[in-house]
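Participant: got a sequence here, can you build the structure:
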Amino acid sequence: MNAKVVMGIRILFGIFCLVFGLNKFLHFLAFPEIPGDGGTLMGIYATSGFLKLIGVLEVLGGLALILNKFVPLALTIMLAIMFNAAVFHLLHDQANIMGALLGLVLGLILVYANKSSFKDLLSA
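Facilitator: Below is the predicted model of the structure:
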């Protein structure tokens, strides 16, 4: 994969993570209303401080990706968050799943581009 393309995707994904992480503290993007159990679960996440913890991880992961530091570690953490976000939206809020899917796809592309760093983890 072209190094400049990988760099662009890494920076784009880093900005994506940074923006959504900062939003958990600064609330500059509106959280959509989620009906039913998903809304209840999101309320629990918000009041328990869990979303703030995710926000800290997203900010740190985003900065690491933008600065090209600790990329395999940042990708491992960010993919776990993106996978969980995608599953949450798939089960509770399908109308707003595109952001989570975009983050998941960008992260998976970067794992593939950095597959040498993940070869031991991905070996059978």
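Participant: which residue ranges form the helices in this structure?
Facilitator: Secondary structure of the chain, counting by DSSP state H: helices at 3-26, 36-48, 50-67, 71-92, 98-113, 115-122.
Participant: counting by contacts, list what the longest one packs against.
Facilitator: In terms of contact count using 3 or more C-beta pairs under 8 Å, 6 or more residues apart in numbering; DSSP states H and E, helix 3-26 is assigned the packing partners helix 50-67, helix 71-92, helix 98-113. Heads up, the C-betas are built off the backbone N, CA and C, glycines and all.
Participant: rewinding a little: any chance of the helices of the chain in CSV, with mean pLDDT and mean neighbour count too?
Facilitator: Compiled in CSV, the helices of the chain are given as follows (pLDDT from 0 to 100; neighbours: other C-beta atoms under 10 Å):
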stretch, mean pLDDT, mean neighbour count
helix 3-26, 97, 17
helix 36-48, 95, 13
helix 50-67, 98, 18
helix 71-92, 97, 18
helix 98-113, 97, 18
helix 115-122, 88, 10
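Participant: need the residues that contact stretch 67-86.
Facilitator: For stretch 67-86, the surrounding residues in contact (C-beta atoms under 8 Å, 6 or more residues apart in numbering) are 7, 10, 13-14, 17, 54, 57-58, 60-62, 64-65, 97, 99-101, 103-104, 107-108, 110-111, 114, 117-118.
Participant: may I have that stretch as CSV, with CA atoms only?
Facilitator: In CSV, the C-alpha atoms belonging to stretch 67-86 read as follows (Å, rounded to 0.1, in the frame of the first residue of the first chain):
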residue,chain,number,x,y,z
LEU,A,67,1.7,12.2,15.6
ASN,A,68,2.7,8.7,14.3
LYS,A,69,3.6,7.4,17.8
PHE,A,70,2.6,4.1,19.2
VAL,A,71,0.5,3.4,16.1
PRO,A,72,0.0,-0.4,16.8
LEU,A,73,-1.1,0.3,20.4
ALA,A,74,-3.4,3.1,19.3
LEU,A,75,-4.9,1.0,16.6
THR,A,76,-5.5,-1.9,19.0
ILE,A,77,-7.4,0.4,21.4
MET,A,78,-9.2,2.4,18.7
LEU,A,79,-10.4,-0.8,16.9
ALA,A,80,-11.8,-2.1,20.1
ILE,A,81,-13.8,1.1,20.6
MET,A,82,-14.9,1.2,16.9
PHE,A,83,-16.0,-2.4,17.0
ASN,A,84,-18.1,-1.8,20.1
ALA,A,85,-19.6,1.3,18.6
ALA,A,86,-20.5,-0.5,15.4
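Participant: right, I'll leave it there.
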